[in-house]
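Trainee: let's see this in three dimensions:
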Amino acid sequence: MDKRRNWLSIVLEEGLNLGVLGAEDVLRHSTPSVLATDLPPALVASLLQVGLDGGEFSSDLLVQHLGAQNLAEHVPLPVLWRCIDEAAERLIAEHPLSRGALSVDDVGAVVDSAVDNLVLDDDHAPDIEVIED
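Mentor: Numbers count the residues shown, from 1 in each chain. As a prediction, the model looks like this:
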């Protein structure tokens, strides 16, 4: 697997482990049509067997059985990027600065307050050495 796909494998696996990505998110982009077209026949056969053995096909079962490495190795890169991009968009939307809980001015006020309350005396003054060329 090349370094791009290896990196995407790590991103997908961590996203799934952390709950940033769910199996449904992955399969929204890696559709059955994509999987049937791009996965090797042996892997498609193993997916069918796992589903038949368990009596059901679910997104969790498919993604868990395939694993991030197989997804990253076989699914087209633009499909994987859409999945990661969608997760990143959600994370940005959930961030306090994006939701309006804090504005940039609020953050600036906190920093200003911290600086105003900073007391520097001889015991706590930073050691600064000026080096001239």
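
Trainee: CA atoms for contacts and neighbours, from now on please.
Mentor: Will do.

Trainee: any stretches of the chain with poor pLDDT?
Mentor: Scanning the chain for pLDDT under 70 picks out the ranges 97-128, 133.

Trainee: rerun that using 50 as the cut-off
Mentor: 120 (pLDDT under 50).

Trainee: please name the nearest non-neighbouring residue to the residue most central in space within the chain.
Mentor: Nearest residue to the geometric centre of the chain (C-alpha atoms, centre = their mean): G15, 4.2 Å. Nearest residue to G15 in three dimensions, chain neighbours excluded: L21, at 5.0 Å (C-alpha to C-alpha, 6 or more residues apart in numbering).

Trainee: number of nearby residues for the one you found?
Mentor: 21 (other C-alpha atoms under 10 Å).

Trainee: what sits against it?
Mentor: Under the criterion of C-alpha atoms under 8 Å, 6 or more residues apart in numbering, the neighbours of L21 are 12, 15, 84, 87.

Trainee: distance between the strand or helix carrying I84 and the chain's centre?
Mentor: Element membership for I84 (DSSP states H and E) is helix 77-94. With C-alpha atoms, centre = their mean, to the nearest Å as the basis, helix 77-94 stands 7 Å off its chain's centre.

Trainee: from the contact counts, what lies against it?
Mentor: With contacts taken as 3 or more C-alpha pairs under 8 Å, 6 or more residues apart in numbering; DSSP states H and E, helix 77-94 sits against helix 3-18, helix 23-29.
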